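Chemist: Pasting a predicted model and its sequence here:
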Amino acid sequence: MLEIYSLSIDVADRRIVSTINASLAPGQSMAILGANGAGKSTLLSALSKERMPAKGSIVLKGKNIHGMPLRTLATSRAVMQQQQPLSFDFTVLEYLLLARACHNEPKQQSMLFLSQVVSELHLSDFLECQLSRLSGGERQRIEFAKVWLQVLDENDVNGKLLLLDEPTSALDIRQQRLFFKHLHRFCQRGGMVLTVLHDINQAAQHMDHLLLLLKGNQLACGPVAKVFTSSNIQRCFNVDGQVTWLSGHRFPQFFTHAINQEIA
Amino acid sequence: MARVVIPCAQSYERVKRALSNLHTKRQRIILLLTSLVPAIALWSVQQGAMPVDVIDVFKHWYSNSLNAEYAMHWLVLTEIRLPRVVLTVITGSMLAVSGAVMQGLCRNPLADPGLIGVSSGAALFAAAALLFGGWWNIPASSLQVVQPLMAFGGALIASVIVFRLARTSTGVNTLLLILAGVAINALAGTLLGLINAVADDDTLRSIVFWTMGSYASVTWLEVIITALVAAPILAFFFSYHQSLTLMLGGDNEARCLGVAVDKVKTLSLIGVALGTALAVCFTGIVGFVGLVVPHICRLILGPDYRYLLPASACLGALLVVIADALARTLVAPAELPVGIITSLIGVPFLLYLLAKQRTRVAHA
């Protein structure tokens, strides 16, 4: 279980995020939504322990993450940053194996877990490829495999947390769908996913819960159906539009008014 | 062993095979390099203005039948060649490993230990020792002790200034480190230029020769001091190979994987500063080893420090041993500075890398 209690974060003596309260249970996913500068990435950086909060606490599996040793935390939560350019080129196999560095285990155990993830995400054909030769979608799949592998243990990924920062920003629509399919599978196995997304409709379609930020403050937090409302989205993004539940779909979508209507 | 979800057997076999191929290939290369070091060292020991047949000399020494000629060869071998070649092995390894570590810390394949001001600080203080030694008529025997001490001190002072400038509340900032290194290198270069301007011809020649590196007049004492300091530094780098590999993805990435980034970075930089200061203080600056050797090793073995560090150590040793042998034989009985030989090898390789990078950028 992930629990966030009254979390506030300062950057350069300025309050960026203020009094966030949220929780996530095993098997659930949550998207952090907000306008540019709302504090989404700052919040994520505190959750990944890159930043110390000014107030409040983040509790993972009953323990405050800021009191946890780095290695223990690394086996319980993994972070997928936005894709960085490669300074040095690894093979996919070597790169994935780095994820097991935080586990003190025999080599054979690492290989067993690695082959489990390789099989799960259909990566067998990529093992001996250089990372630099992969397409954006393939690279993203490898990054996801790496974070999955990092938190995998004998209890599978039950209760483990993935923090993702705009994981689909560089992917085409097909690759995005594939990616969310893998995310769902991760949650089905008991994992928790907390992700920053810019595409609010994608978040409404694929996530269980939403956390809306407005200028660093928590506007709303909860299940998609409860939080994804016209008034919340309008307030959050300062944009006119309407939330609609399309027939035959189990998720809402937000549609902005046509631009010529606005001009008129 | 705890219960594990058994994966697809086919997938496991593929992983096992791929890993085995990777590991076997790299192990073989490292084994080859390791076996070449004593072989090339043995060859080098025999090269010089007076060629020495090591096996022959040892046979005579063992059978207590050293005549005047073999006694001279024995003296040359044990007092001149052996300490020289041993020191080239140690310093070559140290420079190459330090270069590999710097390139990882800066996440830049063109970084080298000189980036943190070590070499320029050493050159400045060594030149100052020669200048004031000449002005104050310090005996040559005393200067032989004072100059390396000042070179070592200068190297460390420059490094400390760079570290202090690069240190922030969150640890050592890599960009600040590079910028501070550039600034200190420029300052040291300017002051060195000033020393060169006021020095007399003999002192100037000594300074120029020192800054280009030479293993002439190496003593066993210098070898022992270098070995005693280099051994723990190399052992430290080798034991932290996993952390160094993880830091290639960035500081945040490494922290998320459980690496104590600030501790590893600080200790690594101290190791690089000490190791490089040591490698240059007795012999002057031997350029390009820290830049070129790790780069070649990375092209063949990949960036994993488990393989990169031992390969760099061996190849660095080989490069400097061969360069030193060439330096004392090409214009025998005179000697070329060994830094000229390593630069003659290093510069074309650097140009080749730049050309390759240009092609890659053009096709991107």
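Modeler: Structure's in. What do you need?
Chemist: would you list every one of the strands in chain B?
Modeler: Per DSSP state E, chain B has strands spanning B:167-168, B:171-172. These are given in chain order.
Chemist: any idea how far the last one is from the chain center?
Modeler: By that I understand strand B:171-172. The chain centroid and the centroid of strand B:171-172 are separated by 24 Å, computed with CA atoms, centre = their mean, to the nearest Å.
Chemist: so what secondary structure elements neighbour it?
Modeler: helix B:261-281 (3 or more CB pairs under 8 Å, 6 or more residues apart in numbering or on different chains; DSSP states H and E). All C-beta atoms are positioned from the backbone trio N, CA, C, and that covers glycine.
Chemist: mind running it again at 10 Å?
Modeler: Counting contacts by 3 or more CB pairs under 10 Å, 6 or more residues apart in numbering or on different chains; DSSP states H and E, strand B:171-172 is packed against helix B:140-166, helix B:261-281.
Chemist: mind listing what's buried in the shortest one?
Modeler: What it means is helix B:261-281. When burial is assessed from 16 or more other CB atoms under 10 Å in any protein chain shown, helix B:261-281 yields the following buried residues: B:261, B:264-265, B:268-281.
Chemist: can you give me the helices for the stretch 151-264 of chain A?
Modeler: A:173-188, A:200-206, A:224-227, A:230-237, A:259-263 (DSSP state H, counting those that start in this stretch).
Chemist: from the strands of chain B, which stretch is densest packed?
Modeler: Most buried of those, by mean neighbour count (mean count of other CB atoms under 10 Å in any protein chain shown): strand B:171-172, with a mean of 16.
Chemist: contact partners of it?
Modeler: Outside strand B:171-172, the residues within contact range by CB atoms under 10 Å, 6 or more residues apart in numbering or on different chains are B:105, B:162, B:163, B:166, B:251, B:261, B:262, B:263, B:265, B:266, B:268, B:269.
Chemist: Just checking: what are the partner strands of that strand?
Modeler: Looking at strand B:171-172 with DSSP bridges, its paired strands and their directions are strand B:167-168 (antiparallel).
Chemist: that older thread, mind putting the strands of chain B into JSON lines with mean pLDDT?
Modeler: Formatted as JSON lines, the entries for the strands of chain B read as follows, by pLDDT from 0 to 100:
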{"stretch": "strand B:167-168", "mean pLDDT": "86"}
{"stretch": "strand B:171-172", "mean pLDDT": "80"}
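Chemist: Which helix in chain B has the most residues?
Modeler: Ordering each helix of chain B by length in residues (DSSP state H) puts helix B:9-45 first.
Chemist: helices or strands up against that helix?
Modeler: Packing contacts for helix B:9-45, counted by 3+ CB pairs under 10 Å, 6+ apart, involve helix A:92-97, helix A:107-120, helix B:54-62, helix B:82-105, helix B:289-301, helix B:305-329.
Chemist: Mind telling me which of these the model trusts least?
Modeler: Averaging pLDDT over each of the helices and strands packed on helix B:9-45 singles out helix B:54-62 as the lowest, with a mean of 79.
Chemist: So what's the gap between that helix and the chain middle?
Modeler: Here the centre of mass of C-alpha atoms in helix B:54-62, compared against the chain's by CA atoms, centre = their mean, lies 32 Å away.
Chemist: In contact with the residue found closest to residue B:202 once you drop the neighbours it is linked to in the chain, which residues?
Modeler: Distances taken as CB to CB, 6 or more residues apart in numbering or on different chains put residue B:134 closest to residue B:202, at 7.3 Å, once the chain neighbours are dropped. Each residue near residue B:134 by CB under 10 Å, 6+ apart is listed here: B:143, B:199, B:200, B:202, B:203, B:204, B:206.
Chemist: Can stretch A:148-167 be said to contact chain B?
Modeler: Yes - judged by CB under 10 Å from any CB of the partner chain, stretch A:148-167 comes into contact with chain B through A:150, A:152, A:153, A:154, A:155, A:156, A:163.
Chemist: Quick one: neighbours of the closest residue to the second one other than its chain neighbours, just the number.
Modeler: Of all residues not flanking residue A:152 in the chain, residue A:113 sits nearest, at 5.0 Å (CB to CB, 6+ apart). Summarising burial for residue A:113: neighbours were counted as other CB atoms under 10 Å in any protein chain shown, giving 26.
Chemist: my read: residue A:113 touches residue A:146, true?
Modeler: No - with the criterion set as CB atoms under 10 Å, residue A:113 and residue A:146 do not qualify as a contacting pair; they are 11.8 Å apart.
Chemist: Make JSON lines out of the helices and strands packed on helix B:9-45 and add distance to residue A:65.
Modeler: Formatted as JSON lines, the entries for these read as follows, by distance: least, CB to CB, whole Å:
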{"stretch": "helix A:92-97", "distance to residue A:65": "25"}
{"stretch": "helix A:107-120", "distance to residue A:65": "23"}
{"stretch": "helix B:54-62", "distance to residue A:65": "62"}
{"stretch": "helix B:82-105", "distance to residue A:65": "27"}
{"stretch": "helix B:289-301", "distance to residue A:65": "35"}
{"stretch": "helix B:305-329", "distance to residue A:65": "29"}
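Chemist: quick one, what contacts the most centrally placed residue in chain B?
Modeler: Central residue of chain B (CA atoms, centre = their mean): residue B:95, 1.0 Å from the mean position. For residue B:95, the contact set (CB under 10 Å, 6+ apart) comprises B:112-114, B:119, B:272, B:275-276, B:278-280, B:285-291, B:293-294, B:312-313, B:316-317, B:319-320, B:342.
Chemist: For the stretch 51-200 of chain A, which segments count as strands?
Modeler: With DSSP state E, counting those that start in this stretch, the ranges of strands along the stretch 51-200 of chain A come out as A:55-60, A:63-64, A:77-80, A:161-165, A:192-196.
Chemist: what residues are up against the closest residue to chain A within the stretch 51-200 of chain B?
Modeler: The nearest approach of the stretch 51-200 of chain B to chain A comes at residue B:107, 4.0 Å away (CB to the nearest CB). Contacts were defined as CB under 10 Å, 6+ apart; by that measure residue B:107 touches A:84, A:85, A:86, A:87, A:88, B:174, B:247, B:248, B:249, B:250, B:251.
Chemist: Then residue B:86?
Modeler: Under the criterion of CB under 10 Å, 6+ apart, the contact list for residue B:86 reads B:41, B:45, B:218, B:220, B:222, B:223, B:224, B:226, B:227, B:321.
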